[in-house]
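Asker: requesting a structural model of the entry that follows:
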Amino acid sequence: NNNNNHYATAFYDIKLDSLGSKLSFSGNLISNKLALINNVSTFQNTEKEAANYNNNLYNVYSGQVDLEKNFSKIKTESGLKYTMFKNESTAQFFDIENEQTQLNPLRSNAFIYHEKNYAAYVSSSFKIAEKWDAKLGLRYEQTELDGTAKSDGTMVKSSYGKFFPTVYFSYKADDNNTMSLNYSRRIRRPYFGNLNPSKIYTSDYEYYVGNQFLKPSFSDNVELSYVLKNNFTTTLYFTHTADSWDRIQKIENGNKFTTTENFYTENQTGMSLNYSFNKLRWLESNMFLTGFYNQSTSTRSDVSIFPASFGANLNINNSFYLRKDKNLAFTLGYWMDLPSKRGITYIDFSNNLYAGLKLNLLQKNLMINLSVNDIFNTQAYKGRETYANFTSSFKYKGLSQSANLSVTYKFGNNNIKGATKQTKFEEQSRVGG
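Answerer: Purely as a prediction, here's the structure:
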C-alpha cells in the first residue's frame with residue numbers, strides 16, 4: 001500500500017461588537033492518493049495467479065462563512081457552506097502466467113465521481129425563563145452528484161435536498177442538577193469506496209464491488225439527559241434510521257461478491273452513563289457505559305434480518321499524575337464491546353487495553369507522548385452474516401498492537417487569543433472508506 005495524504009486549513013475571524021458577535025471564514029482541502037496492489041492466488045488442481053492494481057485520487061474542497069450575532073437576550077448563528085468532492089480511480093486486473101503479466105480488460109475499470117454539497121443554516125439560542133433555556137435551528141442541504149464507470153459507460157446522476165431541524169430545551173434546577181431534551185435529524189452519506197463500481201478481486205471467484213446507486217441514510221434522534229454535579233450524566237435516547245446501508249454478500253453464476261446496499265430500517269433505544277472523577281490531585285478518571293436495544297426491519301424480501309437484540313460497550317480512561325504540577329502523567333485505559341446484532345450481522349466481543357506516558361517540559365511548550373495500544377493484541381472485528389442460503393463468517397485483525405512516540409514543540413506567543421482554532425471537517429471521514 002502507498003497512501004499519501006495532504007491536509008490544509010485556513011480561517012479568519014472578524015470581531016463585530018463588544019457582545020462577542022463575529023464573522024468567520026474558513027476553508028479546507030484534502031488531497032488523498034491511495035495506491036494498492038493485491039496479489040491473488042486461486043488453487044483448483046493447479047495454482048492460478050493474478051494481481052489487482054488500484055489507484056484512487058480523492059480531492060475535497062470546502063469553504064464556509066459563519067455569522068454569530070449576539071443581542072442582549074438572544075444569540076443567533078447562521079452560515080453558508082460549499083463542499084466539492086472529486087474522485088478518480090482505476091482498477092487494473094492482470095493475469096499472471098509464467099511470471100508474465102497480461103492486462104485483463106474485462107476485469108478492469110475506471111470510475112470518475114463528482115459531488116457538490118450546498119448547505120445553509122440558521123439557529124437561535126435564548127432564555128425562556130429564569131431556569132429554562134432553548135435553542136432552535138434549521139439546516140438545508142442540497143446535493144448534486146454524478147459518476148461514470150468507463151468499462152460499460154454506466155452513469156449515475158442524482159439531485160436531492162433535505163431539511164434538518166434541531167430543537168433543544170434545558171432546565172437548570174440549581175448548580176448541581178440540570179436536565180435537557182433535544183431532537184435532531186441527521187444524514188449519513190456513503191464512503192467513497194462504497195460508491196466505486198470497480199471490482200477488487202480476492203480470488204478468481206470472489207470480489208468486492210461498490211454501488212454507485214447507493215443512497216444516504218437519514219436518522220431522527222431524541223435524547224433526554226440529566227447532569228448531576230457536572231460530573232455524572234445519564235442519557236436516554238431513541239434513534240430511528242431509514243435507508244440504512246451496510247455490506248451484503250451474494251452468490252451469482254458461481255461467483256461470490258460483496259457490495260453495499262440500502263436494505264433495512266433500524267430503531268435503537270439506549271441508555272448511557274458518563275462519570276468523571278477528579279477528587280484526588282493525582283488521579284483523573286472517566287467512565288462511559290452504554291447499553292442499547294436494536295430492532296431492524298428488512299426493506300427487501302430476499303434479505304433476512306436478525307431478531308431484536310441487546311448490546312453494550314464500556315470505556316474507562318485514567319490519568320495518574322506523578323508530579324504535583326501534573327507535567328508527568330501515566331495513562332491507562334480499557335474499552336470493550338459486548339456481542340451485538342445489527343441488520344444481518346452478528347458482531348463478536350472485542351476489547352483493548354492501552355497505556356501511555358505524557359511529559360511536559362519548557363513551560364509546557366515541549367510535549368513528549370509515548371503510547372502503547374492494544375497491549376494484549378485482543379482487538380479484532382469478527383462475527384458472521386446470515387443469508388437465506390448460506391452463512392459467512394469473517395474476522396479482520398489489523399495492526400492494532402502498536403507503540404507510538406510523538407514530540408511536539410510550540411513556537412511563538414501562546415497567549416495570543418485566536419492563534420489556533422479547532423476546525424470541523426466532517427467530510428474527511430468519507431475519504432477512502
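Asker: secondary structure element for Ser124?
Answerer: strand 109-127 (DSSP states H and E).
Asker: output the contacting helices and strands for that strand.
Answerer: If contacts are counted by 3 or more C-beta pairs under 8 Å, 6 or more residues apart in numbering; DSSP states H and E, strand 109-127 sits against strand 74-97, strand 132-149. Every residue, glycine included, has its C-beta placed from N, CA and C.
Asker: how about Ala8, what does it touch?
Answerer: Listed by C-beta atoms under 8 Å, 6 or more residues apart in numbering, the contact set of Ala8 reads Asn28, Leu29.
Asker: go with 10 Å
Answerer: By C-beta atoms under 10 Å, 6 or more residues apart in numbering, Ala8 lies in contact with Gly27, Asn28, Leu29, Ile30, Ser31.
Asker: repeat that for Ser340.
Answerer: If a contact means C-beta under 10 Å, 6+ apart, then Ser340 has 292-294, 306, 309-313, 346-349, 383 as its contacts.
Asker: what bridges to it?
Answerer: Beta-bridge partners of Ser340, counted by DSSP bridges, are Ile347.
Asker: quick one: it from Gln363, how far?
Answerer: Distance from Ser340 to Gln363, counting by C-beta to C-beta, to the nearest Å: 47 Å.
Asker: cool, and Ser180?
Answerer: The gap separating Ser180 from Gln363 is 39 Å, by C-beta to C-beta.
Asker: tell me which of the two has more neighbours.
Answerer: In this comparison of Ser180 against Gln363, neighbours counted by other C-beta atoms under 10 Å, the higher total goes to Ser180 at 17 against 9.
Asker: I'd like the average pLDDT over stretch 49-67.
Answerer: Rounded to a whole number, the mean pLDDT of stretch 49-67 is 91.
Asker: mind listing what's buried along that stretch?
Answerer: Neighbour counts over stretch 49-67 (16 or more other C-beta atoms under 10 Å) mark 49-56, 58-62, 64, 66-67 as buried.
Asker: check stretch 118-134 too.
Answerer: Judged by neighbour count (16+ other C-beta under 10 Å), stretch 118-134 contains these buried residues: Ala119, Tyr121, Ser123, Ser124, Ser125, Asp133.
Asker: quick check: end-to-end length of it?
Answerer: Looking at stretch 118-134, the gap from its leading to its trailing residue is 27 Å under the measure C-alpha to C-alpha, to the nearest Å.
Asker: re earlier: out of the buried residues of stretch 118-134, the closest to Phe213 would be?
Answerer: Of all those, Phe213 sits closest to Ala119, with 23.3 Å by C-beta to C-beta.
Asker: returning to what we had before: now intersect the buried residues of stretch 49-67 with the strands, please.
Answerer: Assignment to strands by DSSP state E places the following of those there: 49-56, 58-62, 64, 66-67.
Asker: return the residues in contact with Lys199.
Answerer: Residues counted as contacts of Lys199 (C-beta under 10 Å, 6+ apart) are 52, 91, 93, 106-109, 151, 207-210, 255, 257, 259.
Asker: ok, now with 7 Å
Answerer: Ala91, Arg107, Asn109, Tyr207, Val209 (C-beta atoms under 7 Å, 6 or more residues apart in numbering).
Asker: measure Asn52 to Arg139 for me?
Answerer: In this structure, Asn52 lies at 40 Å from Arg139, with C-beta to C-beta as the measure.
Asker: which elements pack onto the helix or strand bottoming out on mean pLDDT in the chain?
Answerer: Ranked by mean pLDDT, DSSP states H and E, the helix or strand of the chain with the weakest confidence is strand 22-44, at a mean of 83. Judged by 3 or more C-beta pairs under 7 Å, 6 or more residues apart in numbering; DSSP states H and E, strand 22-44 is in contact with strand 2-15, strand 46-70, strand 199-203.
Asker: mind listing what's buried along the last one?
Answerer: What that stands for is strand 199-203. Per 16+ other C-beta under 10 Å, strand 199-203 contains these buried residues: Lys199, Ile200, Tyr201.
Asker: pretty sure the second one sits against Ala51.
Answerer: This points to Ile200. No. Using C-beta atoms under 7 Å, Ile200 is not in contact with Ala51, being 11.4 Å away.
Asker: got any residues that touch both of these two?
Answerer: Overlap of the contact sets of Ile200 and Ala51 (by C-beta under 7 Å, 6+ apart) consists of Asn38.
Asker: Ala388 is nearest to which of the helices and strands packed on strand 109-127?
Answerer: Comparing the helices and strands packed on strand 109-127 against Ala388 with C-beta to C-beta, the closest turns out to be strand 132-149 (28.8 Å).
Asker: the closest one to strand 109-127, inter-axis angle?
Answerer: Angle, strand 132-149 to strand 109-127, by axes from the mean of the first three to the mean of the last three C-alpha atoms, to 10 degrees: 170 degrees.
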